[in-house]
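Undergrad: Got a predicted structure plus its sequence, pasted below:
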Amino acid sequence: MCGLVGFSGKANTSVFKALHLLADNDSRGGHSTGLFVNGKIYKTVEESMNILPMLKTSKTGSVLIGHTRYATHGEHTVENAHPYQYGNIVGAHNGVLSNYEEVGKKFNIKKTTVDSQMIFKLLSQEKNDKHLGLFSGAKNVLFTKGDNKLYIYRKDNPLYYLETEEGMYVSSLEEGLEKIKKKKDKVKEVPENQLFTIENGKLISKQKIKHKPIAAKVSVNTDWRSYGSRNYYSNHYGGHLARDFNNDHFNNDDELNDDDLEKEHFDEVNNHANFVHDLYCTDRFNEEESSKLMELYNYLNTMAYEYY
């Protein structure tokens, strides 16, 4: 549920369109905000508009990367906020990686506090963009290599782009881009499993990234009954998804009162979301089942954020 914002184009472009896109993405984050602009990274554990007083510029520079964080690994601290920098690589990620520890072990990279950090440590160390395909899970990624180019990669989660006179804008939210576009402009979705290279606001290359994740050495409990009751999900997380997926997995009629669903249940709901995501990453399900798992995961993430 994190939000991504990017820009590539004329270096003297006003930063405020990008900031408005970042503010729109507060609905996908809320735990922290970060912005890479004009070669510097600004971070806060507040919402996006708290970045504004920190900025020492009103221009985008040739590459801008913004992020609103919904934490799934690591505490809500400035240090854990995106974007991250390792060597020349500066980047931000939206998604949950279920095998980041295994990827790190393969390339002798020390375990990171936040799963997303492993992506950029790996890109910095190995200098091979194809390694993006080694990670399991949702992985929308924006990064730059210190070369005034913006790199865009999408797997599973939504990500959109808009080409304008001043350059290309990128956002996790389509509606934000719709607000800033002119009539002649068109918002498009970034295709899955392709790495876009953007320079001066123009798409200069596309690279197919094969999704070949390193197996995660974890045991996933596939008995849904141990993770909650049928009524728990059907009453609070869009019951049609829970019922349609497989009623047989839910045989406990225990209910949770709405009064109980407060902040103290954030961790519990978040754990359910991570469980569903781990199931999705096992590749044990057909396309229709996988789609329903991802929908349920998104419902759980949304509800967890509301209870945070």
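TA: Great, that's in hand.
Undergrad: Can you spell out which helices and strands pack onto the strand or helix carrying L150?
TA: With the criterion set as DSSP states H and E, the secondary-structure element containing L150 is strand 149-153. Judged by 3 or more Cβ pairs under 8 Å, 6 or more residues apart in numbering; DSSP states H and E, strand 149-153 is in contact with strand 3-9, strand 63-69, strand 140-144, strand 167-171, strand 194-199. C-beta here means a position set from N, CA and C on the backbone, and glycine is covered the same way.
Undergrad: please redo it, this time with the cut-off set to 7 Å
TA: In terms of contacts (3 or more Cβ pairs under 7 Å, 6 or more residues apart in numbering; DSSP states H and E), strand 149-153 is packed against strand 3-9, strand 140-144, strand 194-199.
Undergrad: Quick check: neighbours of the very next helix or strand once past the last one in the sheet, parallel or antiparallel?
TA: Read that as strand 194-199. Downstream of strand 194-199, the first helix or strand assigned by DSSP H and E is strand 202-208. Paired neighbours of strand 202-208 in the sheet (DSSP bridges): strand 194-199 (antiparallel).
Undergrad: contacts for the strand it pairs with?
TA: Where contact means Cβ atoms under 7 Å, 6 or more residues apart in numbering, the residues beyond strand 194-199 that reach it are 8, 129, 132, 148-153, 168, 190, 203-209.
Undergrad: buried set for that strand?
TA: In terms of neighbour count (16 or more other Cβ atoms under 10 Å), strand 194-199 has its buried residues at 195-199.
Undergrad: Now do that strand and strand 63-69, the angle between them.
TA: Computed with axes from the mean of the first three to the mean of the last three Cα atoms, to 10 degrees, the direction of strand 194-199 lies at 130 degrees from that of strand 63-69.
Undergrad: then strand 194-199 to PDB, C-alphas only?
TA: The C-alpha coordinates for strand 194-199 follow below in PDB (Å, rounded to 0.1, in the frame of the first residue of the first chain):
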ATOM      1  CA  GLN A 194       9.300  -4.300 -18.100                       C
ATOM      2  CA  LEU A 195      12.000  -1.900 -17.100                       C
ATOM      3  CA  PHE A 196      11.500   1.600 -18.500                       C
ATOM      4  CA  THR A 197      14.400   3.900 -18.900                       C
ATOM      5  CA  ILE A 198      13.400   7.600 -19.000                       C
ATOM      6  CA  GLU A 199      15.700  10.400 -19.900                       C
END
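Undergrad: ok now it, how far from the chain's centre?
TA: Here strand 194-199 shows a centroid-to-chain-centroid distance of 18 Å under the convention Cα atoms, centre = their mean, to the nearest Å.
Undergrad: what angle sits between it and strand 140-144?
TA: In terms of direction (the same axes, to 10 degrees), strand 194-199 departs from strand 140-144 by 30 degrees.
Undergrad: Map the structural domains onto the sequence of this structure.
TA: In terms of domains, the chain is parsed into 3-208, 224-307 (source: automatic domain parsing).
Undergrad: Quick one, grab the pLDDT at G167.
TA: The predicted local confidence for G167 comes out at a pLDDT of 96.
Undergrad: what residues are up against the closest residue to it other than its chain neighbours?
TA: The spatially closest residue to G167, leaving aside those adjacent along the chain, is G9, at 1.4 Å (Cβ to Cβ, 6 or more residues apart in numbering). Contacts for G9 were tallied using Cβ under 7 Å, 6+ apart; they are 166-168, 200-201.
Undergrad: Let's see that with 8 Å instead.
TA: Residues counted as contacts of G9 (Cβ atoms under 8 Å, 6 or more residues apart in numbering) are 60, 62, 164, 166-168, 200-201.
Undergrad: any idea how far it lies from E165?
TA: Shown here: G9 relative to E165, a distance of 9 Å by Cβ to Cβ, to the nearest Å.
Undergrad: what does V5 give?
TA: 19 Å.
Undergrad: for V103, same thing?
TA: Remark: distance between V103 and E165 (Cβ to Cβ) = 40 Å.
Undergrad: show me where this protein has helices.
TA: Listed from the start of the chain, the chain has helices (DSSP state H) covering 16-24, 100-106, 115-126, 174-180, 230-236, 239-246, 266-281, 287-307.
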